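1. 3D, please:
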Amino acid sequence: MDLNPAAARMHGGDVDQLKGAPLAQIDGGRLLTDGRREAILRGEWVRAEILLHHRDTGEFPVQVSAGPLDFGDLRYVLAFGRDVTEQKKAREELEAFNERLARSNQDLEDFAYVASHD
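-> Now for the predicted structure:
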């Protein structure tokens, strides 16, 4: 495996520590599942959200795009990953707010109904 400095930092290491390491050391075998591996071998690009491992903080969600990179007679897997921890947190907060808003609206409707029938 080869990676750039940003990818190495994402996993809590540096390029020299992670260069040449098996991909499974970082992704726990989650990126190249049988279906994704077969799609890449057919020349397709795949997208997935998977959990990767940071050396110090544990697992974190990453949105990954991966596909074939042919160089001469060799085929490599080229992958781009983006940490989506903050997006997932914001989405969860928005969903919680929407639930509170729906409950509040229901309470107002119930109050208006009771007030109009008194």
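2. Identify the residues contacting stretch 22-40?
-> Stretch 22-40 is touched from outside by 1, 11, 18, 45-46, 48, 50-53, 64, 66-68, 77, 79, with contacts defined as Cβ atoms under 8 Å, 6 or more residues apart in numbering. All C-beta atoms are positioned from the backbone trio N, CA, C, and that covers glycine.
3. Three-state assignment for Gly67, please.
-> Three-state call for Gly67 (DSSP: H, G, I helix; E, B strand; the rest coil): strand.
4. ah, wrong one, I meant Ala112
-> Under three-state DSSP, Ala112 comes out as helix.
5. ok, how many other residues are close to it?
-> Using other Cβ atoms under 10 Å, Ala112 is surrounded by 10 other residues.
6. And for the one 5 residues further on?
-> Neighbours of His117 under the rule other Cβ under 10 Å: 6.
7. how far away is it from Arg36?
-> Using Cβ to Cβ, to the nearest Å, His117 is found at 59 Å from Arg36.
8. do Asn4 as well
-> 21 Å.
9. quick one: low-confidence parts of the protein?
-> Applying pLDDT under 70 to the chain picks out residues 118.
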